[in-house]
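Q: pasted the sequence and its predicted model underneath.
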There are 4 protein chains.
Amino acid sequence: MTDDVPAVADLLAGAPRNWGRWGADDEVGTLNHLGPAEVFAGLAAVRSGRVFTLQTPMFHDHGDPSSPARSAPQRYMVQDQGSWLGPEPPDLPGGARFADDVLVSPLQGSTQYDALGHVWFDDQLYNGYDAATTIGGLHKASVLPIAERGVVGRGVLLDLAGLRGKRHLDRDETFGCDDLEAAAAAQGVEIRPHDVLLINTGWLEFFYSVPREEFFGSSYQEPGLVYTPSLASWFQAKEIANLATDTIGNEVLIDPRNGTTLLVHCALMRNLGLVFTEICDLRALVASCRADGQWDFLYAAAPLKVVGGTGSPVNPIVVK
Amino acid sequence: MTDDVPAVADLLAGAPRNWGRWGADDEVGTLNHLGPAEVFAGLAAVRSGRVFTLQTPMFHDHGDPSSPARSAPQRYMVQDQGSWLGPEPPDLPGGARFADDVLVSPLQGSTQYDALGHVWFDDQLYNGYDAATTIGGLHKASVLPIAERGVVGRGVLLDLAGLRGKRHLDRDETFGCDDLEAAAAAQGVEIRPHDVLLINTGWLEFFYSVPREEFFGSSYQEPGLVYTPSLASWFQAKEIANLATDTIGNEVLIDPRNGTTLLVHCALMRNLGLVFTEICDLRALVASCRADGQWDFLYAAAPLKVVGGTGSPVNPIVVK
Amino acid sequence: MTDDVPAVADLLAGAPRNWGRWGADDEVGTLNHLGPAEVFAGLAAVRSGRVFTLQTPMFHDHGDPSSPARSAPQRYMVQDQGSWLGPEPPDLPGGARFADDVLVSPLQGSTQYDALGHVWFDDQLYNGYDAATTIGGLHKASVLPIAERGVVGRGVLLDLAGLRGKRHLDRDETFGCDDLEAAAAAQGVEIRPHDVLLINTGWLEFFYSVPREEFFGSSYQEPGLVYTPSLASWFQAKEIANLATDTIGNEVLIDPRNGTTLLVHCALMRNLGLVFTEICDLRALVASCRADGQWDFLYAAAPLKVVGGTGSPVNPIVVK
Amino acid sequence: MTDDVPAVADLLAGAPRNWGRWGADDEVGTLNHLGPAEVFAGLAAVRSGRVFTLQTPMFHDHGDPSSPARSAPQRYMVQDQGSWLGPEPPDLPGGARFADDVLVSPLQGSTQYDALGHVWFDDQLYNGYDAATTIGGLHKASVLPIAERGVVGRGVLLDLAGLRGKRHLDRDETFGCDDLEAAAAAQGVEIRPHDVLLINTGWLEFFYSVPREEFFGSSYQEPGLVYTPSLASWFQAKEIANLATDTIGNEVLIDPRNGTTLLVHCALMRNLGLVFTEICDLRALVASCRADGQWDFLYAAAPLKVVGGTGSPVNPIVVK
């Protein structure tokens, strides 16, 4: 392990956990907070009936804003109108034609739900599952049970970029639960138990406005939540059901204070079972909420049912 | 073209079209029927707040029920707990660990939305777009605008298997709009303009109950809608927003009367711009609706925003 | 482990090994037998200058004769003449055009060299390397050093199908070193130390002559070498440099006497460092050798230099 | 087409072609020059029996030196020792274990043979084949017939970097047939009809000595052959069988005089049927030839038998 960087296990010694809270077999963590009452809370938040979709496009001319440590998604054409111009045209009786294509992509390669077993330390995943259960695919706490259950509830958008008067937060810029409360207060919206929280840092706005090289830099870092004991306590006490942001990792990735990596994932996902949604394109939603002052809404999302998957691309739906 | 099979173009001469109805640039067809009123109609149908997700699992032990003409989806592990047991373990400062994987899959390889440009004839796609626009990816009528818009409205489940007193319809068994009306009447549910229709044939129930070889057979065929002029008129007049079934093709695929292929796609998708959702796993939803007699609900789905995609996997959400 | 099947480790207790014979760092095993003298022995065997290539074609209409346990290779077109007929044609200054494609294939998916670390037991690979060195890729005994060295020497074809008067050996039919000697004697060719042995069972002849379903059957098995203590001693004493056959596994795969799997791999590859080439298409070469009675030749082959690879497709060259 | 850049078709009006020279069905062009006499010429050039392999490694730490316009090759592990440490270990009767992996790579993604139909202009490939035959895969002049035939003959290395007293030629630096003749003369080696020519520019030496960003730059260009009418005449008259270099494109790619792209491919590959091998790692061979003054040798190579392939990775063998 790198010198001078403290161990995650030490930093999180005694930190709160939700292991066992929903049974020894639980694989969906804080989604357990979502039931009919939360569905109705979401429905009740709808006022105009306007629909937003939050996935960032795949294969956009600007490229995909996924981690540079992962391979770039590829789409290959299998059949198109050109196929009928070649020497062995497909022949469907009657003359209908169709186009087909194939996707090659990291399951963490776009806007995505993380499985609860995606990140861990000390050889244990969320709920105490042995990390060996990740071998060859997540046999526990994969994205499958999240996808089977789906996520429907009341969403609240917290505009951190707006709070700080910036188009986007800066690389390495951090915030915590006090800032989330401050944003809610400034916006006049209430964070209620079992809400889905969406945090706007403006980071995708930045991605689409600069060349890729400038966005990723020589060593990628981004703004985001930073771990404190109170952060974990706040999420546990608020019983937040799902955390979504417009950044790749939902946290500052490398803690600027101590150099640890993925510390918020360890504290919130692995310890609390908090479900993460990453790389959400919030631009249109932010513009709408700033315009009409309505910061809560129905949130409905379901990743793909990938058996064993560490995560899955998703296109979350918001109805205001 | 195969002898004795009539041309789709001849069979559909004079058949109704919605081209131009929503403008020369339209790429989402009948999704134009969905707006705030339809969102509220969907919300109003929710009674108990119970959530269902409709994607069939990917990489299930039984295999994927996608077309045998397409390559089987693959998932490859990039990193897991085993990686730390090898000679070059990843080293994240602080000791956090994570698992990653990659998906290789036809975009039509699971429960999926078809792009409106997925199927065509006579060198023109929906809305009159030149079929050459499919080359290298759908430059018109791809799945992207469907994904950007999302689909939120009132869904109605029509239980064709139930209507005919079968666990599942037979291979090659067909039905038409009269049968859809009969099912609605038998169930006591109203099909309203702008609804999302979900049709249960029991076909996935059959898939999961028999060996793959038996399901696919030597030449795959399935039950489904069969084209008649009145079918196209009915869908156009009813202004159905989205058609979803539990079969691979939402239609009988090869018309048993004349041997044409994809005739319903041509009549409804290419001509009317009707949006198709295929291979939905309706088993749990059907069981619930049969039990409580509630056949309408909120339907919310959004495929992935794949630029140029011929379709995209999706995990539709139903809230009853 | 399956009941009643003896352990490979027990069956091979005391069996000969070449570990350490070529140093603690050796990764190419019996290829160490090949040097300038063997190169000249190969050159000396050339009489007519006729060239044969031994790879079985990839994407043949009949399919690929690779293991049904592996995913089928795929080739996707990235660009072709059709690309210039679409709405966004590539534009190379001056008007040149080109076609491109992509391969997705198991590295063991066609005629291939196995890395020496491809198969093992008792947590040790060839030369005693820890099996943990296979994690994430072969850090020891991968296909890379075989590819860097190349294989050039005298090849000898042993026609086992011919010896037994059959077009192809039967499923489950086995043979041993006595049979190899008998074939050489019958053919009038000498097996010399450091030779590359090619064994014709006629199995690919069978593959291409029947429907795939018949070839693979419900539980795939093939003809091949079967382990005996004398087989291992024979290969070690003869100092065979490379073993190539026209079957998927160069051995009977499942030993019909005791049910063990890959026992010959364990005895010859893992213990002796014997390099394996599998799924060679010997049909044209066999026909030629039967016709002119020349059973030895120059053999030259080099798999791809895949860092960490468990194997690599290869197209071996024979010059008679 | 870009303004001011002349048309390839105009530049090559009246340029020599070998179309029809080897029949209307020929797909291997200048490989027709290779027969038994050339095989024996290659064998006769062997003096010490030392073997070299020329593929550049795939997945080297430094990355792959393939075109930045193509997707980067990927290798995924399917099974390794870690698989037995997880919750669902494979179970082979007897306890043998094996590792497997999968390759995803452009077929032009490493050292490779180009199919003769890889590059064209004016809607015709080599030998006059209609460019529409490239659609969905090369139905004519693919890499398959090259792979079936194999390439065995006398190779001659021309050390252009040595001739100019440089470690490597500069980006955009060009040379022609006079320089090839001058190199041969300076080295004291004769270029004979039907030889395989290997040209050392030192470009891979440069690749491995600098960061990737420096090698590729913002707009990739490389040193290489540049078209002149005499270049085409020289290759046709010399009856060169195969041209191999250590650059990505075997030519300067963008002609610095007129801005055309792939002009040498058009003149030599498309018009003459000259077979190209690209991205050869000549470093060890060059060092050897410089040391012992032996610049000719046996050359033996066979790409993979990819039906329809635009090219194929290859690991050529040289025996000195």
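A: Alright, I've got the coordinates.
Q: spit out the contact partners of the residue in chain A positioned nearest to chain C.
A: Distances between chain A and chain C by C-beta to the nearest C-beta are smallest at A:Gly82, namely 2.3 Å. From N, CA and C alone the C-beta is placed, and that goes for glycine too. Residues near A:Gly82 by C-beta atoms under 8 Å, 6 or more residues apart in numbering or on different chains: B:132, B:134-136, C:80-83, C:85-86, D:135-136.
Q: from these, pick the one nearest C:Leu54.
A: Sorting those by how near they are to C:Leu54, with C-beta to C-beta, puts D:Gly136 at the top with 27.5 Å.
Q: so that closest one sits against C:Val78, correct?
A: No - counting by C-beta atoms under 8 Å, D:Gly136 sits too far from C:Val78 to count as a contact (11.6 Å).
Q: tell me which of those two has more neighbours.
A: Just comparing D:Gly136 and C:Val78: by other C-beta atoms under 10 Å in any protein chain shown the higher neighbour count belongs to D:Gly136, 27 against 20.
Q: surely that one is within a strand?
A: No - per DSSP: H, G, I helix; E, B strand; the rest coil, D:Gly136 lies outside any strand segment and is coil.
Q: in contact with it, which residues?
A: D:Gly136 neighbours (C-beta under 8 Å, 6+ apart): A:79, A:82-83, A:86, A:88, C:77, C:80, C:82, D:308.
Q: helices of chain A, start to end?
A: A:8-11, A:36-44, A:143-149, A:160-163, A:177-187, A:203-207, A:212-216, A:229-238, A:263-264, A:283-292 (DSSP state H).
Q: going by mean pLDDT, which of those comes out lowest?
A: Lowest mean pLDDT within these: helix A:212-216, a mean of 92.
Q: just the CA trace of that helix, in PDB.
A: Taking Å, rounded to 0.1, in the frame of the first residue of the first chain, the C-alpha atoms of helix A:212-216 are listed here in PDB:
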ATOM      1  CA  ARG A 212     -11.500  15.900 -23.500                       C
ATOM      2  CA  GLU A 213      -7.800  16.400 -22.700                       C
ATOM      3  CA  GLU A 214      -8.600  19.400 -20.500                       C
ATOM      4  CA  PHE A 215     -11.400  17.600 -18.700                       C
ATOM      5  CA  PHE A 216      -9.400  14.400 -17.900                       C
END
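Q: what residues sit buried inside it?
A: Across helix A:212-216, burial judged by 16 or more other C-beta atoms under 10 Å in any protein chain shown covers A:215-216.
Q: name the residues that touch that helix?
A: With C-beta under 8 Å, 6+ apart as the test, helix A:212-216 has contacts from A:62-63, A:65, A:68, A:206-207.
Q: 6 Å - rerun?
A: A:63, A:68, A:207 (C-beta atoms under 6 Å, 6 or more residues apart in numbering or on different chains).
Q: which residues of the stretch 151-300 of chain A lie near chain B?
A: Residues of the stretch 151-300 of chain A lying near chain B by C-beta under 6 Å from any C-beta of the partner chain: A:152, A:259-262, A:266, A:300.
Q: any chance of those in a markdown table, with pLDDT too?
A: A markdown table is the format used below for these (pLDDT from 0 to 100):
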| residue | pLDDT |
| --- | --- |
| A:Val152 | 98 |
| A:Gly259 | 96 |
| A:Thr260 | 97 |
| A:Thr261 | 97 |
| A:Leu262 | 98 |
| A:Cys266 | 98 |
| A:Ala300 | 98 |
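Q: now render those as CSV, adding neighbour count.
A: Listed next are these as CSV, based on neighbours: other C-beta atoms under 10 Å in any protein chain shown:
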residue, neighbour count
A:Val152, 34
A:Gly259, 15
A:Thr260, 26
A:Thr261, 24
A:Leu262, 29
A:Cys266, 27
A:Ala300, 27
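Q: between those residues, which is nearest C:Asn242?
A: The closest of these to C:Asn242 turns out to be A:Thr261 (C-beta to C-beta; 46.1 Å).
Q: could the residues of the stretch 151-300 of chain A next to chain B go into JSON lines alongside distance to chain D?
A: Below are those laid out as JSON lines (distance: C-beta to the nearest C-beta, whole Å):
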{"residue": "A:Val152", "distance to chain D": "31"}
{"residue": "A:Gly259", "distance to chain D": "24"}
{"residue": "A:Thr260", "distance to chain D": "25"}
{"residue": "A:Thr261", "distance to chain D": "22"}
{"residue": "A:Leu262", "distance to chain D": "21"}
{"residue": "A:Cys266", "distance to chain D": "22"}
{"residue": "A:Ala300", "distance to chain D": "33"}
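Q: and the most centrally placed residue in chain A, what is it in contact with?
A: By C-alpha atoms, centre = their mean, chain A has its centre lying nearest to A:Thr277, at 1.6 Å. By C-beta under 6 Å, 6+ apart, A:Thr277 lies in contact with A:113, A:244.
Q: hey, what's it bridged with?
A: Here A:Thr277 sits in beta bridges with A:Tyr113, A:Ala244, going by DSSP bridges.
Q: and the pLDDT at it?
A: 98.
Q: check the spacing between it and chain B real quick.
A: Between A:Thr277 and chain B the computed distance is 13 Å (C-beta to the nearest C-beta, to the nearest Å).
Q: can you tell me which residues in the stretch 51-200 of chain A are near chain D?
A: Counting by C-beta under 6 Å from any C-beta, the positions of the stretch 51-200 of chain A adjacent to chain D are A:71, A:74, A:82-83, A:85-87, A:132-133, A:135-136, A:139.
Q: and the longest strand for chain A?
A: Longest strand in chain A, counting residues (DSSP state E): strand A:151-159.
Q: give me the contacts around that one.
A: For strand A:151-159, the external contacting residues (C-beta under 6 Å, 6+ apart) are A:34, A:38-39, A:41-42, A:45, A:180, A:183, A:189, A:191, A:195-200, A:241-242, A:289, A:295-297, A:299-301, B:51, B:319.
Q: so what pLDDT did the spatially closest residue to A:Thr245 that is not a sequence neighbour get?
A: Spatially, and ignoring its direct neighbours in sequence, A:Thr245 is nearest to A:Ile199 (4.4 Å; C-beta to C-beta, 6 or more residues apart in numbering or on different chains). A:Ile199 is assigned 98 on the pLDDT scale.
Q: test my guess that A:Ile199 contacts A:Asp246.
A: No - using C-beta atoms under 6 Å, A:Ile199 is not in contact with A:Asp246, being 7.4 Å away.
Q: need the residues of the stretch 1-150 of chain A near chain C, please.
A: By the rule C-beta under 6 Å from any C-beta, the part of the stretch 1-150 of chain A lying against chain C is A:76, A:82, A:85.
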